[in-house]
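>>> quick one, structure for this:
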Amino acid sequence: MKKPWKLLFQQYDTGHHIGEVKDLIQRTMFYVTGLNFVMGAGTAYIVYARRWISIEQLMIAVGVILLLAVLFERAIVIPSNWKWINQQRYQHREPLRDDLDAIVKTQGEISDRLKGIEEKLGMEKRL
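Purely as a prediction, here's the structure:
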């Protein structure tokens with residue numbers, strides 16, 4: 001019973017090309033979405049809202065909503081997103097992880113050699 005679920009939720013290493021294209025599209029859509037928002041807000045204001053509120057009131061309301069969205073993203077979404085990204089990087093053997101493993105191994109070897117030298121010289125541990 002677990003096997004179909006495992007196959008369904010398994011992650012696959014497909015290289016970097018899919019992620020590269022997706023990232024480029026997402027970054028481009030940021031500009032398209034902003035332009036679409038401005039045009040939609042302008043249209044909605046002219047068609048529906050200009051009878052009830054002034055353009056200044058609308059701009060203030062939109063500004064407050066955007067500020068709240070930015071604060072929410074900064075305080076909650078970004079930390080969670082980076083935690084997820086770092087987990088994926090570690091799980092899928094990012095090349096920097098291999099470099100870090102090599103550094104940690106070398107550091108351990110240097111530390112062991114230094115302890116041996118300190119013992120031979122009769123030095124006390126200072127850390």
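
>>> which regions of this structure sit below the pLDDT cut-off?
Per-residue confidence of the chain (counting by pLDDT under 70) places the weak regions at 1-2, 125-127.

>>> can you pull out the helices in it?
All helices of the chain, identified by DSSP state H, fall at 2-9, 17-44, 55-72, 78-91, 95-121.

>>> what's the third one in contact with?
Outside of helix 55-72, the residues that reach it under the criterion CB atoms under 8 Å, 6 or more residues apart in numbering are 41, 45, 49, 53. Bear in mind the C-beta positions are built from the backbone N, C-alpha and C, glycine included.

>>> these: which two are farthest apart?
41 and 53 (12.3 Å; CB to CB).

>>> coming back round to it: redo the helices of the chain as a markdown table? Include mean neighbour count.
Below are the helices of the chain laid out as a markdown table (neighbours: other CB atoms under 10 Å):
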| stretch | mean neighbour count |
| --- | --- |
| helix 2-9 | 8 |
| helix 17-44 | 10 |
| helix 55-72 | 11 |
| helix 78-91 | 11 |
| helix 95-121 | 10 |
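
>>> distance check, the residue most central in space within the chain against residue 20.
Within the chain, the residue whose C-alpha comes closest to the C-alpha centroid is residue 82; the distance, by CA atoms, centre = their mean, is 3.5 Å. As for residue 82, its distance to residue 20 is 19 Å (criterion: CB to CB, to the nearest Å).

>>> go on, residue 74?
As for residue 74, its distance to residue 20 is 26 Å (criterion: CB to CB).
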